[in-house]
Structure formats: C-alpha cells, structure tokens
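> Build me a structure from this.
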Amino acid sequence: MIRLITLSAIVIGLIGVQAVGVHAQRGAIQAGPQVGLRTDIDGMTARLGGRITPQQAMVDAQRLAAGYRSLGPLARGFGPADYAYNREMARRSLYWLSRANIRYAGDPLAARAFLDAYDSIGVFYRDYGRFYAPGAYVAYASATRLAQRLARVGVQGDWYARELQRYALAYGSLAVLDGQLVGRWGTPQDLPAGETTKADAGAPLKPLELPRIDITKLSPAEREAWTDVRDRFRSVSSKVHGSRMLMDQLAARLNSQGLALHPEDAANALKMQSFLEDAVDLILAGDYASATDSLRAADAERTKLRGVTGGQ
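Numbers count the residues shown, from 1 in each chain. Modelled structure (predicted):
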C-alpha cells in the first residue's frame with residue numbers, strides 16, 4: 001500500500017533540524033573543539049594502523065562521539081574555511097569507523113561505541129551540519145549496515161535488529177526530506193570532497209557488481225557453492241537495481257506534486273541495498289552460505305517494496 005505524506009509534514013516531523021547557512025563570511029578556521037577533534041582523529045588513525053585492543057578502539061569511538069556532540073552549538077558560526085576543514089574531518093572520521101568496525105565489531109562494547117559514534121556524526125550533519133549532508137547519509141547508512149551485520153550473527157540480535165530499524169528510518173527520513181527515496185551516499189567512498197550540488201544528489205544509480213573470485217583456488221565443494229551464490233547474486237542484484245530505479249522515478253513524480261512516500265519506504269530501500277552490499281563482503285570472505293542468506297534478505301526487502309513500486 002502506498003502511504004503518501006506532504007513534504008511540509010516531513011519538515012515539521014523532523015523537530016530540531018536546523019539548516020546552517022553556507023554563505024557565512026568568516027574566512028579563518030575557528031580554533032577550539034573542531035581543531036582538537038581533528039587532532040584526535042589523526043591520532044586514532046595512526047593507532048589503528050598498528051595493533052590496538054578492542055577496548056582502545058571503544059575509547060577512541062567514544063572520543064569521536066563526544067567530539068562531534070561538542071561541535072553542534074558552534075556550527076552556526078562556521079565560515080567557508082570551517083566548512084572545508086569539517087568536510088575533510090567527516091571523511092576521516094567515517095573512514096576510521098569503517099576500518100575499526102571491521103576489525104573490532106565482534107566485541108559488544110566496542111560495537112555499541114561504534115554505533116554511538118555513527119549516531120553522533122549523523123545527528124551533527126542532519127541537525128547542524130547541513131552544509132555537508134552526505135556526512136549524515138553515510139553515518140546512518142553505515143550504522144544500518146553494522147547493526148544489520150550484528151543482528152545476523154545473533155549476538156544480542158533483537159537489540160541490534162531494533163537499532164537497524166532506527167538507523168534505517170533516520171536515513172529514510174533524511175532522504176525523503178531531501179526529496180529522495182534512494183540516497184546517493186551510502187559508504188565513505190561515496191563522500192564528495194567539496195560542496196554538494198543537486199547534480200550530485202541526482203547522480204545515476206549503478207547496479208552493485210558481482211565481486212571477482214579466483215575460482216582456481218577453490219575446492220570442488222567451494223566452487224559449487226560459489227556457482228550457486230554467483231547465480232543468485234546476479235538475479236537479486238538485477239532486481240534490486242530495478243526496484244531502486246523505480247523508487248527514484250516515483251520520488252521525482254511525487255516531488256512535482258509536493259508529495260512524498262513515507263520515510264519507512266526509503267528505509268526499506270536502504271535495507272534492501274545494505275543486505276546486497278553485505279552479500280558482497282561475505283562472498284569476498286568466502287562465506288557463501290551467509291552470503292546466500294543476505295541475498296534472500298535483500299530480495300525479501302524488495303518484495304516489501306513491490307506495493308510501492310509496482311515492480312515484479
């Protein structure tokens with residue numbers, strides 16, 4: 001069933017969102033928390049390049065979360081130099097979290113600290129740092145993928161499943177507020193270096209590619225499993241891409257009428273794509289059984305959206 005709402009209702013519903021003017025006149029970088037946080041991030045990056053414990057990774061994630069929370073009240077005074085400095089800080093922060101959660105998300109305390117850091121970054125770029133909206137998109141999408149992965153492995157699965165829904169809905173609300181159903185920024189690699197434009201937000205969607213595997217190194221049983229997951233991936237990836245294209249076209253039609261779909265539909269579109277991305281990671285890790293489970297989950301989310309898109 002299609003659930004339509006007005007764009008003005010979305011704006012009212014997102015209480016606390018504060019757009020920051022991007023034409024401030026101050027030209028020098030403000031000293032203080034932003035410079036201090038950048039120094040912390042550089043130190044965290046250097047430490048991650050060596051060997052640290054999960055507890056140290058947790059403490060660094062907590063430092064990152066606290067640093068972003070301290071920036072909120074200062075953002076209204078940012079000028080062009082601050083914006084440029086902050087965009088680079090966002091990219092470094094989200095790259096650090098991406099690397100850290102791959103290594104240490106198996107530790108439950110570290111995993112929660114990573115999610116909290118993603119949340120703090122998402123809130124900052126949603127409520128205070130709209131000069132760099134991609135930061136919020138990538139933070140919420142990354143948190144969704146992390147919670148999704150942890151819910152799948154079954155450690156405190158119910159809690160992570162709730163967090164998965166919460167972060168996906170935060171992403172969906174942001175996308176719908178910006179007149180989209182399928183956001184263009186989902187991973188740190190998607191983050192633009194400079195200011196974003198309408199063209200960036202409407203860049204063509206691309207299907208997720210099948211990862212390359214050296215089958216000469218696989219045993220006969222592994223090769224059979226790879227063949228099965230390869231065929232399933234090609235089918236599901238094509239259908240997921242088609243669903244995202246239909247969602248994108250629908251968003252454009254509704255925008256012209258001052259309408260939008262419910263943010264939960266955009267959240268389901270993100271989860272659909274996230275399960276597919278998870279399958280890529282699992283294929284590369286050689287875990288073909290779990291990759292198959294993720295592909296089934298991606299197709300299930302796509303099925304939920306058929307009532308919206310009208311696709312097959």
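
> C-alpha from now on. contacts and neighbour counts both.
Noted.

> buried ones in stretch 268-288?
268-280, 282-283, 286-288 (16 or more other Cα atoms under 10 Å).

> What are the contacting residues of it?
141, 144-145, 148-149, 168, 171-172, 181-182, 208, 210-211, 213, 225-226, 229, 237, 240, 244, 290-292, 294-295, 297-302, 304-305 (Cα atoms under 8 Å, 6 or more residues apart in numbering).

> swap in stretch 209-229?
Taking Cα under 8 Å, 6+ apart as the rule, stretch 209-229 contacts 230, 233, 234, 237, 280, 283, 284, 288, 289, 291, 292.

> Could you rerun that using 10 Å?
Contacts to stretch 209-229, defined as Cα atoms under 10 Å, 6 or more residues apart in numbering, come from residues 230-235, 237-238, 277, 279-281, 283-284, 286-293, 295.

> quick one, helices of the chain?
Assigned helices in the chain, in chain order: 7-13, 33-48, 54-71, 80-104, 108-123, 133-153, 157-177, 198-201, 220-255, 263-284, 288-304, 306-309 (criterion: DSSP state H).

> would you put the C-alpha positions of the third one in CSV?
Provided in CSV are the C-alpha atoms of helix 54-71 (Å, rounded to 0.1, in the frame of the first residue of the first chain):
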residue,chain,number,x,y,z
PRO,A,54,39.0,-3.6,21.3
GLN,A,55,38.9,-1.5,24.5
GLN,A,56,41.2,1.1,22.9
ALA,A,57,39.0,1.1,19.8
MET,A,58,36.0,1.6,22.0
VAL,A,59,37.6,4.5,23.8
ASP,A,60,38.6,6.2,20.5
ALA,A,61,35.0,5.7,19.2
GLN,A,62,33.7,7.3,22.4
ARG,A,63,36.2,10.2,21.9
LEU,A,64,34.8,10.7,18.4
ALA,A,65,31.2,10.7,19.5
ALA,A,66,31.9,13.2,22.3
GLY,A,67,33.9,15.4,19.9
TYR,A,68,31.0,15.6,17.4
ARG,A,69,28.5,16.4,20.1
SER,A,70,30.6,19.3,21.2
LEU,A,71,30.5,20.8,17.7
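
> If you count contacts, what does that helix end up packed against?
For helix 54-71, the elements it packs on are helix 33-48, helix 80-104, helix 108-123, judged by 3 or more Cα pairs under 10 Å, 6 or more residues apart in numbering; DSSP states H and E.

> residues near the residue lying closest to residue 138 once chain neighbours are set aside, how many?
Computed as Cα to Cα, 6 or more residues apart in numbering, the closest residue to residue 138 that is not its neighbour in sequence is residue 186, at 4.7 Å. Neighbour count for residue 186, taken as other Cα atoms under 10 Å: 24.

> Stretch 201-212: end-to-end distance?
29 Å (Cα to Cα, to the nearest Å).

> buried ones in it?
Buried-residue list, stretch 201-212, by 16+ other Cα under 10 Å: 201, 208.

> Check stretch 294-303 too.
Neighbour-count burial for stretch 294-303 [16+ other Cα under 10 Å]: 294, 295, 296, 297, 298, 299, 301, 302, 303.

> And stretch 137-154, by the same measure?
137-152.

> Where does the prediction get shaky in the stretch 101-250 of the chain?
154, 199 (pLDDT under 70).

> 90 instead, please
The stretch 101-250 of the chain contains residues with pLDDT under 90 at 102, 129-130, 152-158, 177-184, 193-204.

> I'd like to know how many residues surround residue 189.
Neighbour tally, residue 189, other Cα under 10 Å: 11.

> any idea how far residue 236 is from it?
Taken as Cα to Cα, the span from residue 189 to residue 236 is 23 Å.

> ends of stretch 116-134, how far apart?
18 Å.

> Pull out the buried residues from it.
116-134.

> before we move on, what about stretch 185-192?
185, 186, 187, 188, 191, 192.

> Show residues contacting it.
Contacts for stretch 185-192 (Cα under 10 Å, 6+ apart): 87-88, 90-98, 132-142, 144-145, 171, 184, 200-201, 270, 273-274.
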